[in-house]
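Student: fold the following and give me the result.
(2 chains)
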Number of protein chains: 2
Amino acid sequence: MDLAQTPPTLEAIYTPIQAELALVETRLRALAGQADPAMKPLVEYIASGGGKRVRPAVTILASRFHPNDGSLAVTMGAAVELLHAASLVHDDSVDNASVRRGLATVSSLWGDGVAVLLGDYLFATSAVLVCETGNIRVVRRFADTIREIATGELMESFGAFQTTHTMEEYAHRISLKTGSLFRTAAECGAILSGAPEPVVQALVEYGNALGMAFQIVDDILDFEGTEAELGKPAGHDLLQGTLTLPAMLLLERYPQDNPVVKLFQREDMEANRERAIDMVRNSEIIYDSYAVARRYLDTAAAAISALPDTAERRSLLDLLDYAGERRV
Amino acid sequence: MDLAQTPPTLEAIYTPIQAELALVETRLRALAGQADPAMKPLVEYIASGGGKRVRPAVTILASRFHPNDGSLAVTMGAAVELLHAASLVHDDSVDNASVRRGLATVSSLWGDGVAVLLGDYLFATSAVLVCETGNIRVVRRFADTIREIATGELMESFGAFQTTHTMEEYAHRISLKTGSLFRTAAECGAILSGAPEPVVQALVEYGNALGMAFQIVDDILDFEGTEAELGKPAGHDLLQGTLTLPAMLLLERYPQDNPVVKLFQREDMEANRERAIDMVRNSEIIYDSYAVARRYLDTAAAAISALPDTAERRSLLDLLDYAGERRV
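Tutor: Numbers count the residues shown, from 1 in each chain, chains lettered A, B, ... in the order given. Predicted structure coming up:
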């Protein structure tokens, strides 16, 4: 990854799979039409909400290392994106978030009760889509993923406002919360293509490492990003009591008079949030956090180094650069 | 059904399947051991929470009309009970309920956020269990059921405090909310036993009709039951704005000065709750509501009339009597 170069755009990365991603959109929009009339407006709201579609792109790219007609990867891509949407609906309800991707959240519009039930509906609908693939290994992996995401989120919730997390605990938590779905996106694309096991395992490793880096960059941007980029003030994670990599490095390096310690004791939360952001920005912590993300991105690149050098592999590699340098 | 007779006890009904129900308990308790340490206390709390285990009993009884070793029905029974537990955890959070089966609810103990995530974890774990059966038709039906339950609950939520529901809407709503899982319990037990399609379909119809009757009796007990029986004051549904069969009959028969109309306009809620309960209890409404439940129970009995006259079929028939006459 060359920091001097402009990072690749998602549009360029998605070039080899444009047609399939358009079919994923069609599948997602069709779900509203198939829903019970009571659900229709809610499902439409979710299906039209946008998003970068990184996870279905990974599924479709991962399905291109073995000859197949591509239809199962489209179904799986739609399922993966819908599972992601479902987990965001529940997350926003748990976090009392009011805005997501520039749109009002379901919980802020219709209340937490509706958000809980709509999230359930979307989780179940994503599972129904996966069942359409007819592949029980893929369905099983998908159900495991929902379980892992919920476990990671619960760890975050129970560990909130505690300063004692280890780096291993952080890595375990984000591998459940975010790595799991990226892994599943890649793994299931490969399985459904009929690729041999070594190819599947290469893509498992790629997906997991990409997901780890994706979450670490998210956690860095929560300190480094501007309010315009984030759509919310920086330091949101700190206010939720979530200890992320930059905050852990800040704790480690400034054991005296630390703003994270004070904020987590609910002391002058606003002032300590600002001080923590300033200290992270004006230290090596951003740089060192990116170095951790970059190690995962290197792992991901190495994992697919033995795959044939095709347009799809180049897109998977470019996606790593994008993940490391994205601002939103 | 002979009203003069003592209704059969669940213990008697479960006699032919005692060993399998004990294995279901073992499976449920083992889930805590397999859970991530962060989840263990929560899963233990759920697994030890008791309950009547009616749904797994239906699954196991339904698996006994074709020779098989019974192991898949045990797995399915555990999954069905866990799905039920998951939906109760989310329900209690949506309804702000503080007590369930005499125990504090997850949302009241750990907050709504934890209830949302634990419910997700339990839904996903139940799906993982179903995947163990290796039967994609069963997995698909299971995912559809989660979707149907969420749809039914959302209809209830969106229709709250409205007096304009039709009987058809009520029937549709409770078939989604409650009928669906009873149907799935019976259907999947039959499918996993390898029974021929006519047997499966007979048990589909049995399960759905039993579920409808079960919910209608629940709705009647919310008017007729004592606080000791219900574990909460009668009229809970009314206070939630949920229009059930007895309330619909009350609206239909007393169009003038109706307490349900006033309560749903949030006028003197406590006084109107009491008045609605008195009016339902001191009219033909209880009797007529039981007559509706009984029609479903008769449908369920007729559905399995062509099955061989075994101990299991007698238990399924006795379960109908139990469902019609239970007080809790």
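Student: secondary structure element for the spatially closest residue to A:A86 that is not a sequence neighbour, which one?
Tutor: Among residues not flanking A:A86 along the chain, A:L122 sits closest, at 3.6 Å (Cβ to Cβ, 6 or more residues apart in numbering or on different chains). (C-beta placed from N, C-alpha, C; glycine too.) Using DSSP states H and E, A:L122 sits in helix A:112-131.
Student: report the angle between that helix and helix B:112-131.
Tutor: Here helix A:112-131 runs at an angle of 20 degrees relative to helix B:112-131 (axes from the mean of the first three to the mean of the last three Cα atoms, to 10 degrees).
Student: helix A:112-131 - contacts with which helices or strands?
Tutor: helix A:40-47, helix A:71-95, helix A:106-110, helix A:136-158, helix B:71-95, helix B:112-131, helix B:136-158 (3 or more Cβ pairs under 8 Å, 6 or more residues apart in numbering or on different chains; DSSP states H and E).
Student: for the residue nearest to A:A86, give me its contacts.
Tutor: A:43, A:46, A:82-83, A:85-86, A:89 (Cβ atoms under 8 Å, 6 or more residues apart in numbering or on different chains).
Student: same thing but 6 Å
Tutor: Contacts of A:L122 were listed using Cβ atoms under 6 Å, 6 or more residues apart in numbering or on different chains, and they are A:82, A:85-86.
Student: between those, which sits nearest chain B?
Tutor: A:A86 (8.6 Å; Cβ to the nearest Cβ).
Student: which secondary structure state is assigned to A:K52?
Tutor: Secondary structure, DSSP: H, G, I helix; E, B strand; the rest coil: A:K52 is coil.
Student: hmm, back to that, what mean pLDDT does the helix holding A:L122 get?
Tutor: In this model, helix A:112-131 carries a mean pLDDT of 93.
Student: count of neighbours near A:P233?
Tutor: 15 (other Cβ atoms under 10 Å in any protein chain shown).
Student: who touches it in this structure?
Tutor: A:E227.
Student: how about 10 Å then?
Tutor: Each residue near A:P233 by Cβ atoms under 10 Å, 6 or more residues apart in numbering or on different chains is listed here: A:222, A:225-227, A:239, A:270, A:273-274, A:277.
Student: and the angle for the helix holding A:L122 with helix B:71-95?
Tutor: Using the same axes, to 10 degrees: helix A:112-131 against helix B:71-95 is 150 degrees.
Student: any buried residues in helix A:112-131, and which?
Tutor: A:112-131 (16 or more other Cβ atoms under 10 Å in any protein chain shown).
Student: circling back to that earlier point, including distance to B:D309, could the helices and strands packed on helix A:112-131 go into TSV?
Tutor: Rendered in TSV, the data for the helices and strands packed on helix A:112-131 read as follows (distance: least, Cβ to Cβ, whole Å):
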stretch	distance to B:D309
helix A:40-47	46
helix A:71-95	45
helix A:106-110	51
helix A:136-158	36
helix B:71-95	21
helix B:112-131	31
helix B:136-158	27
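Student: hey, least reliable of those helices by pLDDT?
Tutor: Looking at the helices and strands packed on helix A:112-131, the bottom one is helix A:40-47 with a mean of 84.
Student: check A:L3 and give its pLDDT.
Tutor: So A:L3 comes in at 53 (pLDDT).
Student: swap in A:A213?
Tutor: Predicted confidence (pLDDT) for A:A213: 98.
Student: that one against A:A323, yeah?
Tutor: Yes - assessed by Cβ atoms under 10 Å, A:A213 is found in contact with A:A323 at 5.4 Å.
Student: hey, what's in contact with both of these two?
Tutor: A:182, A:293, A:296-297, A:300.
Student: where exactly do the strands run in chain A?
Tutor: A:99-100, A:103-104 (DSSP state E).
Student: helices and strands around the last one, which ones?
Tutor: For strand A:103-104, the helices and strands in contact under the criterion 3 or more Cβ pairs under 10 Å, 6 or more residues apart in numbering or on different chains; DSSP states H and E are helix A:40-47.
Student: mean pLDDT lowest where, among the strands of chain A?
Tutor: strand A:99-100 (a mean of 80).
Student: doesn't A:L263 make contact with A:M279?
Tutor: No - at 11.8 Å, A:M279 and A:L263 do not qualify as touching, with contact defined as Cβ under 10 Å.
Student: these two: who's more crowded?
Tutor: Remark: of A:M279 and A:L263, A:L263 carries more neighbours, 24 against 18, as counted by other Cβ under 10 Å.
Student: list the contacts of the more buried one.
Tutor: A:L263 neighbours (Cβ under 10 Å, 6+ apart): A:161, A:163, A:235, A:238-239, A:241, A:247, A:269-273, A:275-276.
Student: again, 6 Å this time
Tutor: A:238, A:269, A:272.
Student: mind checking how far it is from chain B?
Tutor: According to Cβ to the nearest Cβ, to the nearest Å, A:L263 stands 20 Å off from chain B.
Student: number of nearby residues for the closest residue to that residue other than its chain neighbours?
Tutor: Of all residues not flanking A:L263 in the chain, A:N272 sits nearest, at 4.0 Å (Cβ to Cβ, 6+ apart). For A:N272, the neighbour count with other Cβ under 10 Å is 22.
Student: using pLDDT, spot the least trustworthy of the contacts of A:P233.
Tutor: Among those, pLDDT bottoms out at A:E227, giving 83.
Student: next, the residue nearest to that residue when sequence neighbours are not counted: phi, psi?
Tutor: Distances taken as Cβ to Cβ, 6+ apart place A:P233 nearest to A:E227, at 5.3 Å, with adjacent residues excluded. Reported as degrees, to the nearest 10, the phi and psi values for A:P233 are phi -60, psi 150.
Student: just give me the neighbour total for A:Q265.
Tutor: With other Cβ under 10 Å as criterion, A:Q265 counts 12.
Student: and the gap between it and B:G235?
Tutor: 45 Å (Cβ to Cβ, to the nearest Å).
Student: and A:D144, by the same measure?
Tutor: On the measure of Cβ to Cβ, A:D144 and B:G235 end up 43 Å apart.
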